[in-house]
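# Next comes the sequence, and after it the predicted model I'd like to discuss.
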Amino acid sequence: MTGGFQPTPEPQARPLQPVPPVAPSTQSEPVVVFEDVSIGFGREPLLEGLSFAVRQGETRILLGPAGVGKSVLLKLVNGLIRPDSGRIFVFGNEISAMREDDLFEIRGSIGTVFQEGALFDSLTVHDNVGYRLMEEHLPDDEITRRVTEALRFVELEHTLTKFPSELSGGMRRRVAIARAIVTNPKLILYDSPTAGLDPITSTTIIELVMKQRDVSHTTSLVVTHRLQDAFVLATHRFSRSKNTMEPLPPRQIDPHTSFLMLYQGRLIFDGTTAELVHSDDPLIRSYLS
Amino acid sequence: MPLTTIDSAAKRGALAVQDYAQLSGRALGNLFRKPFYGADLAQQADIIGVGSLPIVVLTGFFLGGALAMQSASTLTQFGATAFTGQLVSFSMIKEIGPVVTALMVSGRNASGMASELGSMIVTEQIDAMRALGTDPLKKLVMPRVVATTVMLFFLTILADAVGILGGGLVAVFMLGQDGSQYFHTAYQSLQYPDIVQGLIKPLFFGFILATIGCFYGMRTRGGTQGVGRSTTQAVVVASVLIIATDFIIIRFMLDLFGR
């Protein structure tokens, strides 16, 4: 990991400056919109009155303590669960009011990386990554080519014939990323992609998330409770020439990466990296410290 | 017991029945909706049908033999051992063949379905499948329900045949009866309603055991312990429902055919 980020700035420090945009504008059409969304399990509400948007080309990092409902929020985005109230729009469709059968088509444009990978344990890596392509009945040659390409992106093209149980935790997470990107989705949802991994493997995973952001400019929503991962995403970029991530120039941040923060079921922050680290909100400061 | 506890238990029960009815209805409806998972259906037919052959053949054979011995010892008191074949075929085809085959397949496959789907639920594989744009009720439930219903039909016919054969071997080699007489009475005593009853039952039983297995699998909660609980519940509920349905079908057939 390079560039240890200090979330609490010194009093005299100059504010963080976004680097000039190179990807789609952050003012473009929203891909995901939450309007006053609430959901609860049992009598207690889990998420209350959430309203935010994720625009084309943006990477929004969702922070919050464990158990606050971050994974539930991601499941709301791809319609795996429905809100008790409020409206959710994805690609302009109100998915909170759609029938399950109609949601399957929209989900085809969304890649999801689950917390533990959620690979199909009875299928090989090839079949896991190519699952969606096989469902679309593409020719076998085409499937193998695209699967190999996706696995090359995560540097695991040698694992084609292995089963998930034969892979390490980090490799399974990378295969999950390959499965999520193989169809070139317009939106990727990452559910704690580094949870439970060692620091080196976590860095590899974050680098892949960054690579997808900076190379493909895919809109994404990244759930994490690891501040270090979040700030690495905000302060680094992927260098195609060096094929690795590198820190942005001093005091610069990625303009397409911004933050959401959940606390006790409510959205307590929605803004840029600079706004987050300069926030005076005691809850945010306590979380960042 | 407080009234609120009874109230909430009744609501949970009603909700479970509603969920089961929905799952069963959608599983059947998916048979006629695209995409059709023919390969999965064939694979399940192989796992459930061919995979259950050994237990069904062995169970049928020994049940037929046991039935022949028990019948012969009772019939001897009335000097009617010649009717052993009739009793064995009658019992195997109308009652024991369908019920015991369904119970054996239930023990093997309803538990398998509940544990397989339950494990997929707790490891988020079902969510992943939905997120990848596939309906698990089409991909996982429909093939299992259709394959079980079709294969149990044929497995029951096989169990009936092997049971009658087993009874015949016992009658000839252990009880010293005439083989020709045994198979003649076994065949002659059967009437159209008996065959219909024996063939209708496995269709209901197969549907019940598969939908119950899938239902408990798909509503698994609580990690590996939950998977174990679902598996047990699936086998217990499927077995009880099979026997209860058998009772209802017999009552209906008696009204319809008078035997």
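Looks like it came in fine. Residues are numbered from 1 along each chain as shown, chains lettered A, B, ... in the order given.
# what's the spacing between the strand or helix carrying B:Met104 and its chain's center?
Assigned by DSSP states H and E, B:Met104 belongs to helix B:97-105. Relative to its chain's centre, helix B:97-105 lies at 5 Å (CA atoms, centre = their mean, to the nearest Å).
# Repeat that for stretch A:222-242.
With CA atoms, centre = their mean, you get 11 Å for stretch A:222-242.
# is chain B contacted by it?
No: on the criterion CB under 8 Å from any CB of the partner chain, stretch A:222-242 is out of touch with chain B, staying 13.9 Å away. Quick note: C-beta positions are derived from backbone N, CA and C, even for glycine.
# Next secondary structure after the one helix or strand in chain B whose mean pLDDT sits lowest?
Ranking every helix and strand in chain B by mean pLDDT, DSSP states H and E puts helix B:3-29 at the bottom, with a mean of 88. Reading on from helix B:3-29 to the C-terminus, the next helix or strand found by DSSP H and E is helix B:38-45.
# for that next one, packing partners?
Contact here means 3 or more CB pairs under 8 Å, 6 or more residues apart in numbering or on different chains; DSSP states H and E; on that basis helix B:38-45 packs against helix B:142-169.
# Now do the helix it packs on against helix B:38-45, angle only.
Angle between the axes of helix B:142-169 and helix B:38-45 is 30 degrees (criterion: axes from the mean of the first three to the mean of the last three CA atoms, to 10 degrees).
# got the angle between helix B:142-169 and helix B:97-105?
Using the same axes, to 10 degrees: helix B:142-169 against helix B:97-105 is 120 degrees.
# which helices and strands does helix B:142-169 pack with?
So helix B:142-169, by 3+ CB pairs under 8 Å, 6+ apart, packs with helix B:3-29, helix B:38-45, helix B:51-77, helix B:84-91, helix B:97-105, helix B:179-188, helix B:192-218.
# Tell me how far that helix lies from the chain's centre.
Centroid separation for helix B:142-169 versus its chain: 9 Å, with CA atoms, centre = their mean.
# now it and helix B:192-218, what's the angle there?
Using the same axes, to 10 degrees: helix B:142-169 against helix B:192-218 is 140 degrees.
# list the contacts for B:Leu175?
B:Ala68, B:Met69, B:Ala72, B:Thr81, B:Thr84 (CB atoms under 8 Å, 6 or more residues apart in numbering or on different chains).
# same question, B:Leu140
B:Asp40, B:Leu117, B:Met120, B:Ile126, B:Met129, B:Cys214.
# picking up where we left off before, could the helices and strands packed on helix B:142-169 go into CSV alongside mean neighbour count?
Output for the helices and strands packed on helix B:142-169, formatted as CSV (neighbours: other CB atoms under 10 Å in any protein chain shown):
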stretch, mean neighbour count
helix B:3-29, 12
helix B:38-45, 15
helix B:51-77, 18
helix B:84-91, 25
helix B:97-105, 25
helix B:179-188, 16
helix B:192-218, 23
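# Of the ones you listed, which is nearest A:Gly130?
Ranking these by proximity to A:Gly130 (CB to CB) places helix B:38-45 first, at 14.9 Å.
# for the closest one, the distance to its chain's centre please.
19 Å.
# Over to stretch A:233-251?
How far stretch A:233-251 lies from its chain's middle: 18 Å, per CA atoms, centre = their mean.
# from the chain's centre, how far out does stretch B:101-114 sit?
Using CA atoms, centre = their mean, the offset of stretch B:101-114 from its chain centre is 7 Å.
# quick check, that stretch touching chain A?
No: for stretch B:101-114, no contact with chain A is found by CB under 8 Å from any CB; the gap never falls below 12.8 Å.
# Work out which residue lies at the spatial centre of chain B.
Closest residue to the average C-alpha location of chain B: B:Ala102 at 2.4 Å, with CA atoms, centre = their mean.
# Show me the helices in the stretch 151-289 of chain A, by range?
A:169-181, A:199-211, A:227-235, A:273-277, A:282-288 (DSSP state H, counting those that start in this stretch).
# near chain A, which residues of the stretch 51-200 of chain B?
B:Thr123, B:Glu124, B:Gln125, B:Asp127, B:Ala128, B:Met129, B:Arg130, B:Ala131, B:Leu132, B:Gly133, B:Thr134, B:Asp135.
# for the residue in the stretch 151-259 of chain B that chain A sits nearest to, helix, strand, or coil?
Closest residue of the stretch 151-259 of chain B to chain A, CB to the nearest CB: B:Arg221 (11.3 Å). Per DSSP: H, G, I helix; E, B strand; the rest coil, the secondary structure class of B:Arg221 is coil.
# Check B:Lys138 too.
Per three-state DSSP, B:Lys138 ends up helix.
# ok so, going back, can I get the helices of the stretch 151-289 of chain A in CSV including mean pLDDT, mean neighbour count and distance to B:Phe153?
What follows is the helices of the stretch 151-289 of chain A, written out as CSV (pLDDT from 0 to 100; neighbours: other CB atoms under 10 Å in any protein chain shown; distance: least, CB to CB, whole Å):
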stretch, mean pLDDT, mean neighbour count, distance to B:Phe153
helix A:169-181, 93, 24, 38
helix A:199-211, 90, 19, 50
helix A:227-235, 91, 22, 56
helix A:273-277, 90, 20, 64
helix A:282-288, 86, 15, 61
